[in-house]
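>>> Quick one: sequence plus predicted model below, questions after.
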Amino acid sequence: MSVYDLVVRGGSVASTEGVFPMDVAIRGEHIVALGQDLPQGTREIDAKGRLVMPGGVDAHCHIEQLSGGGIMNADTFESATRAAAFGGTTTTISFAAQHRGDRLRRVVERYTALAERGALTDFAFHLWISDPTPETLVEDLPALIDAGHRSIKIFMTYENVRLLDEQVLDVMAVARQHGALVCAHAENHGMIKWMADRLVSRGYVAPKFHPVSHPRGSEAEAFERLIRFSELLDQPIVLFHVSTAEGAAIVRRARGEGIKVFAETCPQYLFMTADDTDRPGLEGAKWMCSPPPRTVRDQNALWRALDLGDLQILSSDHAPYRYDETGKLSAGPGSTFKQIANGLPGLETRLPLMFDAMVSRGMSTIEKFVEITATAPAKIYGLHPRKGAIVVGGDADIAIWDPNREVTLTDEAMHDNSGYTPFAGRTIRGWPEIVLRRGSVIVSDGAIHAKPGSGKIQLRDCADSMKPSGTPSPEFDPQTNFGAHLA
Ligand code: DUC
Ligand code: ZN
Ligand code: ZN
């Protein structure tokens, strides 16, 4: 009998350090050896001519979740993680979304139960806080962070979920004390509301006015504000979905100042522009998300920022709504852009789109692709080295790619429940053919083999990314922690 349950043989193993010809030996759920000419396993996968990559870590996706506007998204954990797996992603971080009046602890229990019933990939949650009551801040949040839910999501806009500045600071102070990251949807609420109200009152209601209602400065202003909060409390933050050149420049400057800021962008900001929403009737709704995609100049700035390391993470922001009365058109055929749910499906296309651009078309390198789609999100969110890399001792989460397979994206080929992809019609080169999650083949021959509910929750320790950059203090103490600001 072999010492290895499975050997992935003869492939090129990709990491942030390079691409090396190696076999990968797996026992149970873990990688136990890497090297050439490893002994025969009980089972073997022939990976000759294939790239053997870490399974993707998608650190920003909305699954089985009620939006801020009260619209249920189209996916269950089963359908969303099925799509993720087909696209080479083996870990998702979605939201345990607290709406006002909800008890946070119950929210986490509810989402955990949903994921434990349906998920095919492994999963974790960001704690989405929209009701920072004493119960939330003093009782539930500290206990949940200590239990391993080590990232928090806050909104600076969206009427029903946004926090005021003082509330954001309250949440950040708890995060600092207990060791969690604070992730933010950062846009200036007043600017967006004022613009949207004026546009609608003048009859400019089509989807193409949605990008107009999110002035590019609304991102820059909110980024700058949140960064100064981060500086005040010495609390690490992640800025979600950077969409503008100015936003990327602000992140670069803040990191240069030594403020612990991480940032993410998404395929929609690299491959789409505001013009995508300019379609007949309400069709443009399918391309509507917030912040909106901008211009080709912004795309170029974001690519550069990824290359330079100013932006570290590439997530999907998968937020699936059907183009019908259950989703995008829930307010009816006369919907204004304000009434249309924001968000795009993207769990399945995230990795193939990025591989095609970065590797097949030569805009970047395989190493950088692995970094921004798997290793860096795993490190920043406290999942590494269990997730995000092919290393001895890590979970055997592996996507085996045919780098030459050409695929034309179509609505029909997608496996989530939204019924379309904003990237339909694109032909891309490179596709994950076999996907392993903790040593089990969950995708092969174009079919899914995992059972709903076989994904496991990933509780996390306090990673370095979550710790303050200055001298850590065990207690929240304005005298010792904020002395510099009070002087
Ligand atoms: N914007 C968000 O903030 N969340 C979900 C989707 C979107 O477009
Ligand atoms: Zn957002
Ligand atoms: Zn989002």
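That came in fine, so what should we check first? Keep in mind it's a predicted model, so treat the numbers as computed, not measured. Ligands and ions are numbered 1, 2, ... in the order given.
>>> roughly how far apart are the residue in the stretch 101-250 of the chain that ligand 1 sits nearest to and residue 421?
Proximity of the stretch 101-250 of the chain to ligand 1 (C-beta to the nearest ligand atom) peaks at residue 185, 4.7 Å away. Quick note: C-beta positions are derived from backbone N, CA and C, even for glycine. Remark: distance between residue 185 and residue 421 (C-beta to C-beta, to the nearest Å) = 23 Å.
>>> what's the answer for residue 252, then?
Separation of residue 252 from residue 421 (C-beta to C-beta): 32 Å.
>>> residues in the protein within reach of ligand 1, list them.
The chain comes close to ligand 1 at residues 62, 185, 289, 290, 317, 319, 342, 343, as judged by C-beta under 6 Å from any ligand atom.
>>> If we use 5 Å, what do you get?
Counting by C-beta under 5 Å from any ligand atom, the residues of the chain close to ligand 1 are 185, 289, 290, 319, 342, 343.
>>> Which ChimeraX command selects the buried ones in those residues?
A single ChimeraX command selects the buried members of these (16 or more other C-beta atoms under 10 Å):
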select :185,289,290,319,342,343
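>>> I'd like to know which of the residues of the chain next to ligand 1 is nearest to residue 455.
Distance to residue 455 across those (C-beta to C-beta) is lowest for residue 319, with 19.7 Å.
>>> so that closest one touches residue 327, yeah?
No: if you go by C-beta atoms under 8 Å, residue 319 and residue 327 don't touch, sitting 10.2 Å apart.
>>> Please enumerate the shared neighbours of the two.
The contact sets of residue 319 and residue 327 overlap at 73, 341 (C-beta atoms under 8 Å, 6 or more residues apart in numbering).
>>> Got the confidence number for the nearest residue in space to residue 387 that is not next to it in sequence?
Counting by C-beta to C-beta, 6 or more residues apart in numbering, residue 387 lies nearest to residue 378, which is 4.5 Å off, once chain neighbours are set aside. Per-residue pLDDT puts residue 378 at 98.
>>> Who are the contact partners of residue 378?
Contacts for residue 378 (C-beta under 8 Å, 6+ apart) come out as 57, 91, 384, 385, 386, 387, 388, 389.
>>> the helices in the stretch 301-450 of the chain, which residues?
Assigned helices in the stretch 301-450 of the chain, in chain order: 350-355, 366-370, 376-380 (criterion: DSSP state H, counting those that start in this stretch).
>>> Need those in TSV (columns: distance to residue 174).
As requested, the helices of the stretch 301-450 of the chain are arranged in TSV below (distance: least, C-beta to C-beta, whole Å):
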stretch	distance to residue 174
helix 350-355	31
helix 366-370	34
helix 376-380	19
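>>> so who does residue 312 touch?
Residue 312 is in contact with 262, 263, 264, 371, 372, 376, 380, counting by C-beta under 8 Å, 6+ apart.
>>> correct me, but the fourth one touches residue 16?
Yes: A contact is recorded between residue 371 and residue 16 when judged using C-beta under 8 Å, the distance being 4.5 Å.
>>> More neighbours: which of the two?
Comparing residue 371 with residue 16 by other C-beta atoms under 10 Å, the one with more neighbours is residue 371, at 25 against 19.
>>> Domains of this protein: list them as residue ranges, please.
Using automatic domain parsing, the domain ranges for the chain come out as 4-54+389-448, 56-371.
>>> which one of those is the most hemmed in?
A comparison of the domains of the chain by mean neighbour count, using mean count of other C-beta atoms under 10 Å, puts domain 56-371 on top with a mean of 21.
>>> how far out from the middle of the chain is that domain?
Computed by C-alpha atoms, centre = their mean, to the nearest Å, the chain-centroid distance of domain 56-371 equals 7 Å.
>>> Nearest spatial neighbour of residue 236, chain-adjacent residues omitted?
residue 260 (4.1 Å).
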